[in-house]
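A.B. asks: this is a predicted model, with the sequence first.
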Amino acid sequence: IAGRHYNKDSCSAPVARGSTFMLLIAVAVHQGLLLKQADVKGAYLISKIDSLIHIRLPNDARLFTVNSGLYGLKQSGHLWNEDFTRVLTTIGFRRSTNDRCLYILSRMNNQGEEEKCWIAIWVDDILAAVSSESLWNEVYDKLNAQCPSTQDELRWLLGMKITDTTNGSGERTVEISQEPKITALLEQIGMTDCNTCKTPLPCTAALPDASNCPTTEEEERAITAKASHPTYSAFRTEFREIIGYLSHLCEYGRPDLMQSVHYLARFQAHPGMAHYTCVKRIARYCKDTKNMSMIFGNDKHPYNKEPLVGFVDSDYAGCNESAKSTSGSAFLSYGTVITCKSRKQKCITKSSTEAELVAASTSVCTALYLKRILEDDLCIPVGKVPIYEDNDACITIARNGCVHNRTRHIRVADAWIYQEVHDHGTIDIRSIDTKENIADMFTKSLPREAFEKHRGMLMGYVHHTKTYVATSRYKWRSKLLNGQKLSFS
């Protein structure tokens with residue numbers, strides 16, 4: 001009973017953020033740490049229940065007292081997380097203040113060398129990055145004694161297929177693939193034999209918007225008949241299921257789907273046939289690229305030495321219905337994307353500069369969060385986080401805090417970014433050509449060449465297509481904005 005056996009606080013069951021898992025893998029590859037996985041058996045059954053609860057089995061008049069957590073009880077996840085934290089604390093781990101499901105162990109061994117182990121958990125799935133095999137065996141033995149589990153080299157995590165390889169020259173790479181889940185999705189919606197396409201959404205034709213949503217029961221019946229569903233409710237349910245499935249792929253291993261999936265997710269309340277056709281197109285794109293992987297440890301990537309680098313962009317009034325803009329951002333660690341976003345802004349902006357400032361303000365928040373995890377928990381010095389922006393006016397305002405008649409109404413976002421750039425010195429806003437801005441792919445649909453180029457930079461490999469060459473005028477302007485000296489010959 002709510003309020004007697006549990007309350008809102010006792011139902012909180014946190015899991016590690018997707019960016020935490022990706023950061024842990026990126027740092028492990030860069031520092032040569034071992035990657036391990038473990039799976040706790042019957043995790044909820046380990047925890048003892050903290051209130052008196054009785055259950056009655058079907059077709060049985062007897063009452064049974066619940067002594068341990070059960071799958072289905074609202075408080076089971078919370079109790080398991082607290083018990084697991086208690087177990088790790090007794091082993092010597094401390095809980096991160098930035099992510100409640102990240103745990104850190106740091107100590108000196110008998111030889112005077114520092115040993116470290118990081119553990120991130122998703123309910124009962126454990127990802128560990130550890131400095132030595134002996135330390136992991138010791139930690140696992142103590143963990144297994146209280147929470148029976150299985151362990152192995154990292155091969156599967158949250159449905160992702162993970163391949164850790166080292167070539168003959170000693171270069172190590174970790175690849176994350178979503179091929180099994182994409183295959184399962186195609187089988188589920190009956191598209192295993194469909195034709196393929198090279199981009200998630202077309203950039204030439206106008207994308208479906210709110211005007212394509214049904215507004216009458218007659219329109220809903222027409223959609224139901226055309227889509228071969230028994231009811232419009234069944235049609236809408238399938239649309240939502242596909243969107244949810246694709247959203248999971250976006251977060252874990254397939255960031256190239258982010259813009260297209262999140263755009264179509266805006267119309268889940270009343271999807272039309274045009275939206276359904278676009279979802280099927282994304283599935284056809286997934287079939288074409290199902291063997292594509294995210295690569296950690298590519299030494300040829302231009303940002304493979306940067307612990308954290310961000311890209312931010314925004315369109316202007318891209319939503320035909322609300323005139324709101326779409327923010328796009330991506331953060332890379334050692335040459336592979338850690339987290340990215342494509343989201344419609346909550347306010348209506350009066351200019352492209354204001355839209356870019358709103359997007360930049362949100363990105364600064366993400367940058368500070370990732371910076372704290374890297375410095376406080378993963379012991380990686382970051383310094384100023386470089387964030388690349390392609391709007392000169394936005395860069396000028398962020399650096400100088402300019403105030404005049406046309407920018408007074410955006411003073412909060414302006415002051416926030418200026419504070420982090422100028423006063424605190426945590427962010428470094430840099431200029432970049434629009435054609436080189438990775439975040440551009442999260443604000444709108446792009447032509448195939450540009451899309452594939454950004455996708456390659458995003459997922460850790462360098463695409464073979466030609467790169468865009470900026471004009472001499474832009475190069476000079478970019479150097480000036482980035483504080484570099486100009487040389488004339």
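C.D. replies: That came through fine. Numbering: from 1, shown residues only.
A.B. asks: next, count neighbours for the nearest residue to Glu220 once chain neighbours are set aside.
C.D. replies: Distances taken as CB to CB, 6 or more residues apart in numbering put Tyr232 closest to Glu220, at 4.0 Å, once the chain neighbours are dropped. Bear in mind the C-beta positions are built from the backbone N, C-alpha and C, glycine included. Using other CB atoms under 10 Å, Tyr232 has 19 neighbouring residues.
A.B. asks: Tyr232: what's it in contact with?
C.D. replies: By CB atoms under 8 Å, 6 or more residues apart in numbering, the residues touching Tyr232 are Pro214, Glu220, Arg221, Ile223, Thr224.
A.B. asks: so which residues of the chain form helices?
C.D. replies: 18-31, 43-46, 76-91, 133-146, 179-188, 217-227, 232-251, 258-264, 273-288, 352-372, 392-400, 411-418, 448-458, 472-481 (DSSP state H).
A.B. asks: pipe those helices into TSV and attach mean pLDDT and distance to Ser333 per row.
C.D. replies: Converted to TSV, these look like this (pLDDT from 0 to 100; distance: least, CB to CB, whole Å):
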stretch	mean pLDDT	distance to Ser333
helix 18-31	94	4
helix 43-46	87	29
helix 76-91	91	25
helix 133-146	93	23
helix 179-188	94	23
helix 217-227	91	42
helix 232-251	94	16
helix 258-264	95	17
helix 273-288	94	25
helix 352-372	92	8
helix 392-400	86	23
helix 411-418	68	22
helix 448-458	92	12
helix 472-481	44	24
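A.B. asks: show me which of the contacts of Tyr232 are buried.
C.D. replies: Pro214, Glu220, Ile223, Thr224 (16 or more other CB atoms under 10 Å).
A.B. asks: isn't Ser149 right up against Leu143?
C.D. replies: Yes - the criterion here is CB atoms under 8 Å, and Ser149 meets it with Leu143 at 6.8 Å.
A.B. asks: state the distance from Thr339 to Met22.
C.D. replies: Separation of Thr339 from Met22 (CB to CB, to the nearest Å) stands at 7 Å.
A.B. asks: neighbour count for these two, which is higher?
C.D. replies: A count of neighbours by other CB under 10 Å puts Met22 above the other of Thr339 and Met22, at 24 against 21.
A.B. asks: pLDDT value on the nearest residue to the more buried one once chain neighbours are set aside, please?
C.D. replies: Distance criterion CB to CB, 6+ apart; nearest residue to Met22, sequence neighbours excluded, is Ile338 at 4.6 Å. Ile338 carries a pLDDT value of 94.
A.B. asks: for Ile338, which residues are in contact?
C.D. replies: Going by CB under 8 Å, 6+ apart, Ile338 touches Ser19, Met22, Leu23, Ala26, Leu308, Phe331, Leu332, Leu370.
A.B. asks: closest to Met292 among these?
C.D. replies: Checking the contacts of Ile338 against Met292 with CB to CB, the nearest one is Met22 at 16.2 Å.
A.B. asks: that closest one contacts Leu332, correct?
C.D. replies: No - using CB under 8 Å, Met22 is not in contact with Leu332; the gap is 10.0 Å.
A.B. asks: any idea how far Ser211 is from Lys41?
C.D. replies: Distance from Lys41 to Ser211, by CB to CB: 52 Å.
A.B. asks: I should have written Ser247 there, sorry.
C.D. replies: Counting by CB to CB, the gap from Ser247 to Ser211 is 24 Å.
A.B. asks: same question for Ser228.
C.D. replies: 24 Å.
A.B. asks: for the closest residue to Leu88 other than its chain neighbours, give its distance to Ile25.
C.D. replies: Leaving aside its sequence neighbours, Leu88 sits nearest to Tyr103 (CB to CB, 6+ apart; 5.0 Å). Distance of Tyr103 to Ile25, given as CB to CB: 16 Å.
A.B. asks: neighbour count winner among the two?
C.D. replies: Under the neighbour definition other CB under 10 Å, Tyr103 and Ile25 were set side by side, and Ile25 has more, 28 against 25.
A.B. asks: surely that one and Ile295 touch.
C.D. replies: No - using CB under 8 Å, Ile25 is not in contact with Ile295; the gap is 11.0 Å.
A.B. asks: returning to what we had before: the more surrounded of Ser149 and Leu143?
C.D. replies: Leu143 (22 against 17).
A.B. asks: so who does that one touch?
C.D. replies: Counting by CB under 8 Å, 6+ apart, the residues that Leu143 touches are Ala38, Val87, Leu88, Ile91, Ser149.
A.B. asks: try it again with 7 Å
C.D. replies: Val87, Ile91, Ser149 (CB atoms under 7 Å, 6 or more residues apart in numbering).
A.B. asks: I'd say the first one and Cys147 touch.
C.D. replies: I take that to be Val87. Yes - the pair Val87 / Cys147 is scored as a contact, 6.1 Å apart, by CB atoms under 7 Å.
A.B. asks: more neighbours: these two, which one.
C.D. replies: Cys147 (21 against 16).
A.B. asks: partner residues bridging the residue lying closest to that one once chain neighbours are set aside?
C.D. replies: Spatially, and ignoring its direct neighbours in sequence, Cys147 is nearest to Val40 (5.0 Å; CB to CB, 6+ apart). Judged by DSSP bridges, the bridge partners of Val40 are Ser149.
A.B. asks: tally of neighbours for Phe64?
C.D. replies: 11.
A.B. asks: per-residue pLDDT, it?
C.D. replies: pLDDT, Phe64: 85.
A.B. asks: quick one on the thing from earlier: closest one of the buried ones among the contacts of Tyr232 to Leu135?
C.D. replies: Each of those was checked against Leu135 using CB to CB; the closest is Ile223, at 58.1 Å.
A.B. asks: without its sequence neighbours, what residue ends up closest to that closest one?
C.D. replies: Take Ile223 and drop its neighbours on the chain: the residue closest to it by CB to CB, 6+ apart is Met273, 5.1 Å away.
A.B. asks: in this structure the one you found contacts Ala225, no?
C.D. replies: No - checked against CB under 7 Å, the pair Met273 and Ala225 is beyond contact range at 10.3 Å.
A.B. asks: and these two? which has more neighbours close in?
C.D. replies: With neighbours defined as other CB under 10 Å, Met273 and Ala225 compare such that Met273 has more, 17 against 9.
A.B. asks: okay, the more buried one and Asn212: tell me how far apart.
C.D. replies: According to CB to CB, Met273 stands 8 Å off from Asn212.
A.B. asks: now the residue nearest to Phe442 when sequence neighbours are not counted, which residues is it bridged with?
C.D. replies: Once flanking residues are discounted, Phe442 sits nearest to Gly328: 2.8 Å by CB to CB, 6+ apart. Beta bridges link Gly328 to Asp313, Ser342 when assigned by DSSP bridges.
A.B. asks: swap in the one 4 residues further on?
C.D. replies: Assessed by DSSP bridges, Leu332 has beta-bridge partners Val309, Val337.
A.B. asks: show me the contacts for it.
C.D. replies: Counting by CB under 7 Å, 6+ apart, Leu332 makes contact with Tyr303, Glu306, Val309, Ile338.
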